[in-house]
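Undergrad: Dropping the sequence and predicted coords here.
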Amino acid sequence: MAFVNWFKRNLVVIAGLLTLAYLLLPNVIVTVFSFNRPNGRFNYAWQQFSTEAWKDPCGVSGLCGSLSLSLQIAFWATLGATALGTAIAFALVRYRFRARGAINSLIFLPMAMPEVVMAASLLTLFLNMGAQLGFWTILIAHIMFCLSFVVTAVKARVMSMDPRLEQAAQDLYAGPFQTFVRVTLPIAAPGIAAGALLAFALSFDDFIITNFNAGSTVTFPMFVWGSAQRGTPVQINVIGTAMFIIAVLFVLASMVIGNRRNRRKA
Amino acid sequence: MSTLTEAPPPLSPPAPEKKPPRKRGRWTPYWLLLPGILWLVVFFAVPMIYQASTSVQTGSLEEGYKVTWHFVTYWDALSEYWPQFLRSVAYAASATVLCLLLGYPLAYLIAFRAGRWRNLIMILVIAPFFTSFLIRTLAWKTILADGGPVVAALNTLHVLDVTSWLGWTAGDRVLATPLAVVCGLTYNFLPFMILPLYTSLERIDGRLHEAARDLYAKPSTVFRKVTFPLSMPGVVSGTLLTFIPATGDYVNASLLGSADTGMIGNVIQSQFLRVLDYPTAAALSFILMAAILAMVTVYIRKSGTEDLV
């Protein structure tokens, strides 16, 4: 009876932890199978423990090339989307002007549109223009769909900013430029960083839009897609595991730094 | 801060000598908006119009296409691919319901019961995002493999007999069946359900729960009458964030499904990239967009949170 009561009281916790397990199970599998020595071309069944793939992550032709291409595209897409998106976010929060409603919906729509529809329509445009599909068309597409997410992230931060801080700076004879660089930008920085991080993750991981607009160029997700048909090398699991570990470490580090800063303030 | 949304333009300080910056400020928003909005217009809005015109064209790849207002393409596309449309909606709806059932306890746990574990659980929800979702989806091939531990367990519990009878699985296989596709969809879009749910649950004032308990409400009544209604904004945006991308997805159906589980995304993809029948592909993606818009509008009306979008 005591157990039944305990179970009833903690039902939510148990169910929640089960969902968490469901979410993390594929990551566990990816990690475990990065130490596999598969029999044949596909790495779906456990054969034998081996650290070979970890010693030589670039051992498969095309893998590290696609990885570096994805990193480059993600870098430039982040830069472009963050610059354009931050400007839009400031304009939307700080100014009242005509067509605000229309612009808000233009920013909301790409986030609410199924990716296939966006991908297909962009391809129609590129085909009509006779554009050469490749690096530039991928970059254009990525900046387009990352833009809305950056605007949303930066807007949230700028909206919660106290405008009196900037007025104080101006009262202290700071010019508009100085005010922006020394007051506005530092306060908005966490929002801009969140938007940039989101853009990087979205661009790096995007498959559907890239698949339509890449031509014969191969990004990392496209390499993984192709390998699902031809044979999956263990190195893919190594890269996946490494990305997961780097992400967790990155978030932990930023939390530790944030905590320390808060403590110093207190 | 609410004062900001009510306030007139923040750059209009009362002092008269500040007039020049205000005059320059009149054009500033347009300069700030111009590059980004231009990008969205040229690479998002214009392509949609191009696609609309493509869908009413006839012709061939060799001879080129011409706008002939050939609306029959829509009819042909619908009559040929309605099973895939139905399947997409059915799979996406099942995945959305599953996401809600699975995601709600976890969001609740993070919001109210996690204590000092809250940040760690949050990280564990978000971090998988950074491992390529294709790699993680492929991992489901291992998890659901024929004769693997999951399938064997389901077999011993006679679950597979029931699901096979319902048509969700086939024999003692899970891979290449509808169940596998829905499982992949649920997994891939679960974080999009959890995060909005968490945001709206976290905003609920804990004192409301206390008040309900003081009034002798049972825990289940507290949930039904207080917690769940107050989390409705999260439920609505979570469902939309799950349902819309899930309907258009073709990755899960390709990797975990079979030829019989193709979704409309698979058809659009192959029409565009393999068959090269652009008018049909454009018509299909237009029907998909219209269908989703219609369903979303009805859903938002029904759930009574029109102010959300």
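TA: Received it, and whenever you're ready, just let me know what you need.

Undergrad: How about residues contacting stretch B:46-64?
TA: For stretch B:46-64, the surrounding residues in contact (CB atoms under 8 Å, 6 or more residues apart in numbering or on different chains) are A:118, A:120-122, A:124-125, A:128, B:65-71, B:73-74, B:276, B:278-279, B:282-283, B:285-286. (Glycine included, C-beta is placed from N, CA and C.)

Undergrad: helix or strand right after the helix or strand containing residue A:144?
TA: When elements are assigned from DSSP states H and E, residue A:144 belongs to helix A:135-159. Using DSSP H and E, the next helix or strand after helix A:135-159 towards the C-terminus is helix A:163-171.

Undergrad: list the buried ones in that next one?
TA: For helix A:163-171, burial by neighbour count (16 or more other CB atoms under 10 Å in any protein chain shown) applies to A:163, A:166, A:169, A:170.

Undergrad: Remind me what the longest helix along chain B packs against, helices and strands.
TA: Under DSSP state H, the helix in chain B containing the largest number of residues is helix B:72-108. Helix B:72-108 sits against helix A:11-33, helix B:178-202, helix B:232-248, helix B:264-270, helix B:278-303, with contacts defined as 3 or more CB pairs under 8 Å, 6 or more residues apart in numbering or on different chains; DSSP states H and E.

Undergrad: what comes up buried for that helix?
TA: B:73-74, B:77, B:81, B:84-85, B:87-89, B:91-96, B:98-100, B:102-108.

Undergrad: do the same with stretch A:114-128
TA: A:114-128.

Undergrad: which of those are close to chain B?
TA: By CB under 8 Å from any CB of the partner chain, the members of those lying near chain B are A:114-118, A:120-125, A:127-128.

Undergrad: May I see those organised as TSV, with pLDDT and secondary structure added?
TA: Below are those laid out as TSV (pLDDT from 0 to 100; DSSP: H, G, I helix; E, B strand; the rest coil):
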residue	pLDDT	secondary structure
A:114	91	coil
A:115	93	helix
A:116	93	helix
A:117	93	helix
A:118	94	helix
A:120	92	helix
A:121	92	helix
A:122	94	helix
A:123	93	helix
A:124	89	helix
A:125	91	helix
A:127	87	helix
A:128	84	helix
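
Undergrad: I'd like those residues laid out as TSV, including distance to residue A:220.
TA: As requested, those are arranged in TSV below (distance: CB to CB, whole Å):
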residue	distance to residue A:220
A:114	23
A:115	17
A:116	20
A:117	24
A:118	20
A:120	22
A:121	24
A:122	20
A:123	20
A:124	26
A:125	25
A:127	25
A:128	29
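
Undergrad: ok, the residues you listed vs chain B, which is closest?
TA: residue A:114 (2.7 Å; CB to the nearest CB).

Undergrad: hang on, isn't the closest one packed against residue B:287?
TA: No. Residue A:114 lies out of contact with residue B:287 (CB atoms under 8 Å); the separation is 11.6 Å.

Undergrad: in what helix or strand does residue 59 lie?
TA: Just so you know, I chose chain A. Counting by DSSP H and E, residue A:59 is part of no helix or strand.

Undergrad: let's do chain B instead
TA: Here residue B:59 is assigned to strand B:57-60, by DSSP H and E.

Undergrad: is it true that residue A:118 touches residue A:145?
TA: Yes. Distance between residue A:118 and residue A:145: 6.6 Å, which falls inside the contact criterion (CB under 8 Å).

Undergrad: ok, back up a step: and which of the ones next to chain B among the buried residues of stretch A:114-128 is nearest residue B:301?
TA: residue A:114 (20.7 Å; CB to CB).

Undergrad: which ones are touching that closest one?
TA: B:244, B:245, B:247, B:248, B:249, B:265, B:288, B:289, B:292.

Undergrad: What separation is there between the second one and residue A:209?
TA: In other words, residue B:245. To residue A:209, residue B:245 is 12 Å away according to CB to CB, to the nearest Å.

Undergrad: And the residue of the stretch 151-266 of chain A that's closest to chain B?
TA: Counting by CB to the nearest CB, the stretch 151-266 of chain A gets nearest chain B through residue A:247, at 3.5 Å.

Undergrad: Identify the residue spatially nearest to that residue, adjacent ones excluded.
TA: residue B:130 (3.5 Å; CB to CB, 6 or more residues apart in numbering or on different chains).

Undergrad: what about the one you found, how many neighbours?
TA: By other CB atoms under 10 Å in any protein chain shown, the residues close to residue B:130 number 21.

Undergrad: Residue B:163 now?
TA: 17.

Undergrad: just residue B:119 next, same as before
TA: With other CB under 10 Å as criterion, residue B:119 counts 14.

Undergrad: try residue A:225
TA: For residue A:225, using other CB under 10 Å, the count is 21.

Undergrad: For it, which non-adjacent residue is spatially closest?
TA: Residue A:225's closest residue in space is residue B:134 (CB to CB, 6+ apart), at 5.9 Å.

Undergrad: what sits against the one you found?
TA: By CB under 8 Å, 6+ apart, the neighbours of residue B:134 are A:207, A:221, A:224, A:225, A:228, B:251, B:255.

Undergrad: Give me the three-state assignment for the second one.
TA: Three-state call for residue A:221 (DSSP: H, G, I helix; E, B strand; the rest coil): helix.

Undergrad: Isn't it up against residue A:214?
TA: No. Between residue A:221 and residue A:214 there is no contact, the gap being 9.9 Å when judged by CB under 8 Å.

Undergrad: Who's the closest spatial neighbour of residue B:190, skipping the chain neighbours?
TA: Closest to residue B:190 by CB to CB, 6+ apart is residue B:99, at 5.2 Å.

Undergrad: and after the strand holding residue B:59, which helix or strand comes next?
TA: strand B:64-67.

Undergrad: Just checking: what are the partner strands of that next one?
TA: strand B:57-60 (antiparallel) (DSSP bridges).
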